[in-house]
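> How does the following fold in three dimensions:
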Amino acid sequence: MNNLSVKELYSEKLTKLPSVNSMLKISIGLILFTMISFALVYAETIPVDVAGTSFDVDYTATGMTVSSIQADIESATLFLTVDVIASPGVLDITFDRSFFDSTFDGLDDPFFIFADFEEPPFSETNTSAQSRTLSIELPAGTEELEIIGSVFGASVVSDTEDDTTGTEDDTTGTEDDTTGTEDDTTTGIEDDVVVDTSESDITDTDQKVLTQCGPGTILQDGECVLDERCGPGTILQDGECIVESIPIPKSDSSVKGMGKEMIFGFVAAFIIAGTVGLILGIMSKASKSS
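The predicted structure is shown next:
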């Protein structure tokens, strides 16, 4: 009896244990569940282009996938294209402050998040001097996620400032060129005025010189020629022809003066000689008469 009771009890325990087939099914189910869980929870890095500079964004997606991220500098917004399978899907995303941040008056400011134009629940799970991490819950079927901050970080701002500085330098260079052009134009005009004035003065002077010809000459074809309107030895003066006075050189006057003196000397000598001869003749006649 005792042996029969023991066998019955043992057979009852064996019947309560799961069969081999059941254990195999449970094992396969657990394996599949683990594989699916690992497939739906993964950590990845996706590149984002901002003003020609590429940044890597680290994220972990659970029950969803992220196919792309695009940046809009003007609105300081990241646009994520997602495919949420689970309900809810969870996205843990980390932003390096040098890439993307949300601040106000030098202090951290909350991000604004929209999932298909609706505000999903989210929290900031980690904050440091270098980065900020957000955990966002998304309903199944979500396709687009917007994360709005205040600025793309120091490196992007620095590049933008450099571009702005380059633009200002170009503008300054353009202003300098414009100023140089104005200076050249002004200087050229002033030089032209000076040159024209000088030429005008020279022309006036030449005209004065050319119009002032000597007596008996007139200006003709830019040259002084003999005035033939009056007869020979006359010149036109005050509208009348008058005898031209020719100054006698001093040497001619001296010669003529000396000639006159010699003539007077010869005449005086002849008179004296005649007088003496006459007196002698009278004296000789008187002596003969006596």
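
> got any ranges where the stretch 51-200 of the chain has weak pLDDT?
Residue ranges of the stretch 51-200 of the chain with pLDDT under 70: 154-200.

> can you pull up the bridge partners for S68?
T81 (DSSP bridges).

> For it, give me its contacts.
I46, L80, T81 (CB atoms under 8 Å, 6 or more residues apart in numbering). Placement of C-beta: from N, CA and C, glycine included.

> out of those, who's nearest L91?
L80 (8.0 Å; CB to CB).

> who touches that closest one in this structure?
V66, S68, I69, L91, E144, L145, E146, I147.

> just these now: which is nearest N126?
If you rank these by distance to N126 using CB to CB, L91 comes first, at 14.1 Å.

> Quick check: closest non-adjacent residue to the closest one.
I136 (4.7 Å; CB to CB, 6 or more residues apart in numbering).

> Quick check: the one you found is in a helix.
No: I136: not assigned to a helix; according to DSSP: H, G, I helix; E, B strand; the rest coil it is strand.

> Next, count neighbours for the closest residue to V66 other than its chain neighbours.
Spatial nearest neighbour of V66, excluding adjacent residues (CB to CB, 6+ apart): V82 at 5.4 Å. V82 has 21 neighbours, counted by other CB atoms under 10 Å.

> go on, the one 4 residues further on?
Residues contacting A86 under the criterion other CB under 10 Å number 16.

> cool, A71 as well?
By other CB under 10 Å, 20 other residues sit near A71.

> check which helix or strand covers it.
strand 64-72 (DSSP states H and E).

> give the contact list for the closest residue to F114 other than its chain neighbours.
Setting aside the residues directly before and after it, F114 is nearest to E146 in space (CB to CB, 6+ apart), at 4.4 Å. If you count contacts by CB under 8 Å, 6+ apart, E146 has them with T77, L78, F79, L80, F112, I113, F114, A115.

> Checking my notes, E146 in a strand, right?
Yes: assessed with three-state DSSP, E146 lies in a strand.
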